[in-house]
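A.B. asks: No sequence on hand, only this structure:
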DNA sequence: GCCGTTTTCGGCCCGACTGTTTTCAGTCG
């Protein structure tokens, strides 16, 4: 049983206690402990065996005992007894927007409803409206909630949400009564997938802003409309939440609305201890009711005594403590990147010629480009036969001669076979400037075999890097099973770089893996786009923000190095 | 149920919107 599963069970317990009408603080305690365990950087089994469960902030005597029982016996009597009293499917009911623990309980006790299907049936039979505290509107809202729930179960990719949000933001900028507008929420924190879009507007005419928002070209349905908050559903079925505040509160609102929720709760706890109060309107001294700041986002952190941190770090995964102790990392930034080290050209399955890739790279301010066309075994992607390898090398040489102050690296992306072997013999591999390797088939193999394939490749002295190490495709393919800790250990020992693949549906390695590989094993990384055309080179920004979320600094990433240092590292 | 540089008891993040109420509960972020 891993951290994730233990956290999920504690969350379920919290929800069931909620339905039972327990006091909210006990419920909150279970959810907090669940979050704490899920985001704890060590294996919960190890922590338990070393008797350190109570070192996890949010886990006290009672929850520690329950986790011990769960890990020791594989079951938890308290949890099982609770499930007999509260049908587990009631928890699904609470997933419906507009249905919380109280309504779920009423539906169950009054009408015996335990599933979303039964709830839908009750709405159609108009059996909800007569219930205590409900009416025709309630029925309507819950019906809409169910439809929304069924439609929006899937989160969308960061870069898709970014596209939609950028359009809304630029629409707003046209209006003179809009003094400021920003994306907020998980979009501003650059999470890899996005559930809904949050937009903040600074204005002294909130009603006009709300009007504009509800009549955007993208708007399909208005869910709620007030003076400071509005929600709509776009034509693509995505929820967009708007907050409007006056200019003097803009910074406080941006901080609040960016989150994460857990990060904000930590900040407010710290504020409270100092006799301060934070809300979306500012930071206040409680005793005198004096407002201390809030026009700028930086005010909040400064007045609390924290260093300012970029939104990508705000997940309550240790960044608050680091900011208090002035120990925040100096995160990598887009401008630190001096070249893309994973790009395909027409020499395999890319759509751009080398010259086009070079031209686009120079527009991005790069000094070099790692050309990593597929190798021979990947026939489906036009992998290079040996004669192509030689011909492409001549072309790379020619382009390099014609392009001053820029270097095209003659690279390749090898395929790791089932036994860990690769496409070309060593004397050919020795001709390349940059050799990456990755798994392209056999995803269904066992964890042991897949891990062994990667280890064998890393032990090959000609291979510099492993590309998209876990093979996941967001929303389509889970990562294949790997012993990640062993992979990180051997990567560090063999000085093999691990790729952070920036393609929007890969982002592989992911943030938590980057952090663990760096902090526990001392691994080094390459950020590449896996671009298959010059137009995809800007995808690098999604890799950089993922690197930030993984706490990487420029020194951790090979392609922030100047060309001379880069080449020296690769020859080693 | 958790936690402590005000506290081992008495707090626990804060505010907006909706609908059903006749002053507020439930839900959400």
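C.D. replies: Received the coordinates, thanks. This is a predicted model, so every value here is computed, not measured.
A.B. asks: neighbours around the residue in chain A that DNA strand B sits nearest to, how many?
C.D. replies: Relative to DNA strand B, the nearest point of chain A is residue A:135 (1.9 Å; CB to the nearest atom of the strand). Every residue, glycine included, has its C-beta placed from N, CA and C. Number of residues near residue A:135 (other CB atoms under 10 Å) recorded here: 12.
A.B. asks: And for residue A:554?
C.D. replies: For residue A:554, the count of nearby residues is 17 (other CB under 10 Å).
A.B. asks: Just confirm it contacts residue A:334, I think it does.
C.D. replies: No. Under the criterion of CB atoms under 8 Å, residue A:554 lies out of contact with residue A:334, with a separation of 10.8 Å.
A.B. asks: any idea how far residue A:370 lies from residue A:55?
C.D. replies: Distance, residue A:370 to residue A:55, using CB to CB, to the nearest Å: 43 Å.
A.B. asks: Of the two, which one has the most company?
C.D. replies: It is residue A:370, of residue A:370 and residue A:55, that has more neighbours when counted by other CB under 10 Å, with 27 against 12.
A.B. asks: The more buried one - that's part of a helix, no?
C.D. replies: No. Assigned with DSSP: H, G, I helix; E, B strand; the rest coil, residue A:370 falls outside any helix and is strand.
A.B. asks: Dihedrals phi and psi, the closest residue to it other than its chain neighbours?
C.D. replies: Leaving aside its sequence neighbours, residue A:370 sits nearest to residue A:341 (CB to CB, 6 or more residues apart in numbering; 3.5 Å). Note on residue A:341: backbone dihedrals following degrees, to the nearest 10 are phi -110, psi 20.
A.B. asks: same question, residue A:438
C.D. replies: According to degrees, to the nearest 10, residue A:438 has phi -150, psi 160.
A.B. asks: residue contacts, it?
C.D. replies: By CB atoms under 8 Å, 6 or more residues apart in numbering, the contact set of residue A:438 is A:413, A:414, A:415, A:416, A:466, A:467, A:468, A:469, A:471, A:499.
A.B. asks: Mind checking which of the residues you listed land in strands?
C.D. replies: Counted as lying in strands by DSSP state E, out of the contacts of residue A:438, are A:413, A:414, A:415, A:466, A:499.
A.B. asks: what's the pLDDT at residue A:405?
C.D. replies: The model reports residue A:405 with a pLDDT of 93.
A.B. asks: sorry, back to before: ok, the ones in strands among the contacts of residue A:438 vs residue A:186, which is closest?
C.D. replies: residue A:499 (24.3 Å; CB to CB).
A.B. asks: what's near enough to touch the residue nearest to residue A:370?
C.D. replies: Residues in contact with residue A:341, defined by CB under 8 Å, 6+ apart, are A:370, A:372, A:409, A:411, A:434, A:436, A:465, A:499, A:526-528, A:558-559.
A.B. asks: And for residue A:202?
C.D. replies: Counting by CB under 8 Å, 6+ apart, residue A:202 touches A:178, A:179, A:180, A:181, A:244, A:245, A:246, A:247, A:249, A:250, A:253.
A.B. asks: Let me have these in CSV, adding neighbour count as columns.
C.D. replies: Shown next, in CSV, are those (neighbours: other CB atoms under 10 Å):
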residue, neighbour count
A:178, 19
A:179, 15
A:180, 16
A:181, 21
A:244, 25
A:245, 26
A:246, 17
A:247, 12
A:249, 18
A:250, 23
A:253, 26
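A.B. asks: Chain A - how does it break down into domains?
C.D. replies: A:3-151, A:156-245, A:250-324, A:334-571 (automatic domain parsing).
A.B. asks: next one: the shortest one to chain centre, how far?
C.D. replies: What it means is domain A:250-324. If you compare the mean C-alpha spot of domain A:250-324 with that of the full chain, they lie 22 Å apart, counting by CA atoms, centre = their mean, to the nearest Å.
A.B. asks: pLDDT weak spots in chain A?
C.D. replies: A:39, A:41, A:151-154, A:379-380, A:475-476 (pLDDT under 70).
A.B. asks: Excluding chain neighbours, what is closest to residue A:511?
C.D. replies: residue A:549 (3.8 Å).
A.B. asks: wait, isn't that neighbour in contact with residue A:313?
C.D. replies: Yes. The pair residue A:549 and residue A:313 passes the contact test of CB under 8 Å, sitting 7.2 Å apart.
A.B. asks: May I see the contacts of residue A:341 organised as JSON lines, with distance to residue A:2 added?
C.D. replies: Formatted as JSON lines, these follow (distance: CB to CB, whole Å):
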{"residue": "A:370", "distance to residue A:2": "36"}
{"residue": "A:372", "distance to residue A:2": "34"}
{"residue": "A:409", "distance to residue A:2": "39"}
{"residue": "A:411", "distance to residue A:2": "37"}
{"residue": "A:434", "distance to residue A:2": "36"}
{"residue": "A:436", "distance to residue A:2": "30"}
{"residue": "A:465", "distance to residue A:2": "28"}
{"residue": "A:499", "distance to residue A:2": "25"}
{"residue": "A:526", "distance to residue A:2": "29"}
{"residue": "A:527", "distance to residue A:2": "28"}
{"residue": "A:528", "distance to residue A:2": "30"}
{"residue": "A:558", "distance to residue A:2": "31"}
{"residue": "A:559", "distance to residue A:2": "33"}
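A.B. asks: Cross-check the residues you listed against DNA strand B and keep the overlap.
C.D. replies: Counting by CB under 7 Å from any atom of the strand, nothing from the contacts of residue A:341 sits close to DNA strand B.
A.B. asks: Residue A:549 and residue A:313: which has the busier surroundings?
C.D. replies: Ranked by neighbour count (other CB under 10 Å), residue A:549 and residue A:313 place residue A:549 first, with 26 against 21.
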